[in-house]
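> Structure for the following, please:
(chains A and B)
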Amino acid sequence: MSRHAHITGAYVTRVGELPGSTTLGLHYEAACGAAADAGLSLDDVDGVLCAYSLAEPHPMLASAFCEYAHLTPAFSAVVQAGGASAATMVVQAAALVLAGQCRHVLAITGDNRVSGMSRDQAVTALAQFGHPEFERPFGLAIYAAYALVAQRYMHEYGTTAQDLAALAVTHRRHAARHPKAHKREPISLEDVMGSRLIASPLRLLDCCLVSDGAAAVIVSAPEAAADCVKPAVAMLGAGQGHTHEHIVAAPSLTAFGCRDSAARAFARAGLTPADVDVAEIYDSFTITVLVELESMGFFEKGEAGEAAARGELDLGGRLPCNTHGGLLSFGHSGAAGGMFHVVEAVAQLRGEAGERQVPDASVAFVHGDGGILSAHCSMVLASH
Amino acid sequence: MATKPLPRITPDTRPFWDGCTAGELRVQHCASCGRQQFPPAARCGGCSAQGLDWRPITPRGEVHSFTVVHRAPSAAFKAQAPYIIALVDLAPGARLLLNVVDCETQAMTIGMAVTIGFEERRDGDQAAWLPVARPAAHGCADV
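Predicted coordinates for the structure are as follows:
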């Protein structure tokens, strides 16, 4: 029988506008929450992984955090893969515990990009992700890069603005059931399609939120999981896929590394998309989650939007997806955005998701996307 | 008044920008398989050969995708919004991202033929010539 790493603790802070919050403070709150959830003390943790913060950039964020929290772990490092950072951190943590390097690894993400910077500063900082020679001089921002994908994808597969809007509406409906979600007021198709254009064809409500917040998980070695109090969640398989960093260099605007990433994760888990009870899939924009759903074996090309409109991504639907509301409605705090998906998967697999619980969820799929559908990381998780 | 960013030119990419200054569009060329390549990379994306050189390419292309940007990413671009960004295919393996000007936003289509010219951008005593696309007067791009 294969040895699996276990997620033994998970926690998400309040998310939204958190005046007075700091990046390191949010990290600390999430870390303490995850440790308490696992029934551990912070000092039981012997590995620490962090990602990045826009509001308080640190060249060595994991070291800065450990200094702040008075931790002296046996292993510490930063993982940076944009929106795929969180999933990649969890996969790296699993590798560390399975290799015997650590017993309990804390993977922490967080950013105070609302209260720690102005909206313009946040948008400008996000524009730095563009290529410094061949994109940024032309006024490309992340949302415009995803808009280029959306325009081409719609051209090739007939996806419509209404398909994209149906995804936004679905996410908001999910968020309404989560007490910590940043945006909970219901929205309609008309609200989405009537919201202001950001970069055609994407409108404001096709775009993720910008939130303060943090989330952390603890990944434990199989023999160490018994130290913890909650039912462990096993990582059955994980995989990645990489094709480019910048959209100008993407080999295709309609086929991305998420296909290989998911295929590798499913192959290692010995499962297929049909086995998944609940999916938590990176949704920086409506087009992001639509492309991923149609690339990873959950829906055929051109079908995900109509499926969302029919309620297939809702509770009780064929594939409940982003049951916390995702980046579109739960919140997006940089690298923590992807960790929110992980924390929600853990809640679902433990049966702790309250009114948004998928009944008897035993297999969850989590996917992170970094850059412009550039770096992908997928995980298949299961209740133990 | 905020100025738009100049390209951060490196020794690797200097031949492209020198070409722009000279009014000539240049892309990487692979002597082994003949592939034309842009953006530049360490080796050929077709046959993996190294030591690519730079050669001029016909400054015409076809719009692979585009967006009309309404929300500018920085103060420098606000005055220009809404503006068009397009991915333009010059040849298989050679794709540029740039602004399309002299074109109504409603007139933009995927597959549209464009010609590439150059415009000077200044920031204090620094300057660079940037490629810019315009709708081709008539006919199709030779791609």
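
> Who's the closest spatial neighbour of A:L381, skipping the chain neighbours?
Distances taken as CB to CB, 6 or more residues apart in numbering or on different chains put A:A364 closest to A:L381, at 4.7 Å, once the chain neighbours are dropped. Every C-beta, even on glycine, is put in place using the N, C-alpha and C of the backbone.

> burial count for that neighbour?
When neighbours are defined as other CB atoms under 10 Å in any protein chain shown, A:A364 has 28 of them.

> For it, give its distance to chain B.
33 Å (CB to the nearest CB, to the nearest Å).

> and what of A:H174?
A:H174 is 26 Å from chain B, by CB to the nearest CB.

> so that residue is in which element?
Per DSSP states H and E, A:H174 falls inside helix A:161-175.

> Helix, strand or coil: sort out the residue in the stretch 201-350 of chain A that chain B sits nearest to for me.
Nearest residue of the stretch 201-350 of chain A to chain B: A:V248, at 4.1 Å (CB to the nearest CB). Using DSSP: H, G, I helix; E, B strand; the rest coil, the structure places A:V248 in helix.

> For it, which non-adjacent residue is closest in space?
Leaving aside its chain neighbours, A:V248 sits nearest to B:L97 (4.1 Å; criterion: CB to CB, 6+ apart).

> elements contacting the helix or strand hosting that neighbour?
Using DSSP H and E, B:L97 sits in strand B:94-100. If contacts are counted by 3 or more CB pairs under 8 Å, 6 or more residues apart in numbering or on different chains; DSSP states H and E, strand B:94-100 sits against strand B:60-69, strand B:83-91, strand B:113-123, strand B:126-135.

> any idea how far it is from the chain center?
4 Å (CA atoms, centre = their mean, to the nearest Å).

> Repeat that for stretch B:39-49.
Counting by CA atoms, centre = their mean, stretch B:39-49 comes out at 18 Å from the chain centroid.

> Flag every buried residue along it.
B:P39, B:P40, B:C44 (16 or more other CB atoms under 10 Å in any protein chain shown).

> try stretch A:254-261
A:T254, A:A255, A:F256, A:G257, A:C258, A:R259, A:D260, A:S261.

> ok, and for stretch B:24-40, which residues are buried?
Those buried within stretch B:24-40 under the rule 16+ other CB under 10 Å are B:L25, B:R26, B:V27, B:Q28, B:H29, B:C30, B:R35, B:Q36, B:Q37, B:F38, B:P39, B:P40.

> ok so the fourth one is a helix residue?
Yep, that's B:Q28 we're talking about. No. Read with three-state DSSP, B:Q28 is strand and lies in no helix.

> which residues does it form a beta bridge with?
Assessed by DSSP bridges, B:Q28 has beta-bridge partners B:Q37, B:W54.

> Enumerate every residue touching it.
B:Q36, B:Q37, B:F38, B:P40, B:A41, B:C44, B:L52, B:D53, B:W54 (CB atoms under 8 Å, 6 or more residues apart in numbering or on different chains).

> residues contacting A:A215?
Applying CB under 8 Å, 6+ apart to A:A215 gives the contacts A:10-13, A:30, A:86, A:108-110, A:336, A:339-340, A:342-343.

> Among those, which one has the most neighbours?
Result: A:G110 is most packed of the contacts of A:A215 (other CB under 10 Å), 36 neighbours.

> if I pick the residue positioned nearest the centre of chain B, what's in contact with it?
The centroid of chain B falls nearest to B:L96 when counting by CA atoms, centre = their mean (3.8 Å). Contacts for B:L96 (CB under 8 Å, 6+ apart) come out as A:F134, A:V248, B:F38, B:G61, B:L87, B:V88, B:L90, B:I116, B:P131, B:A133.
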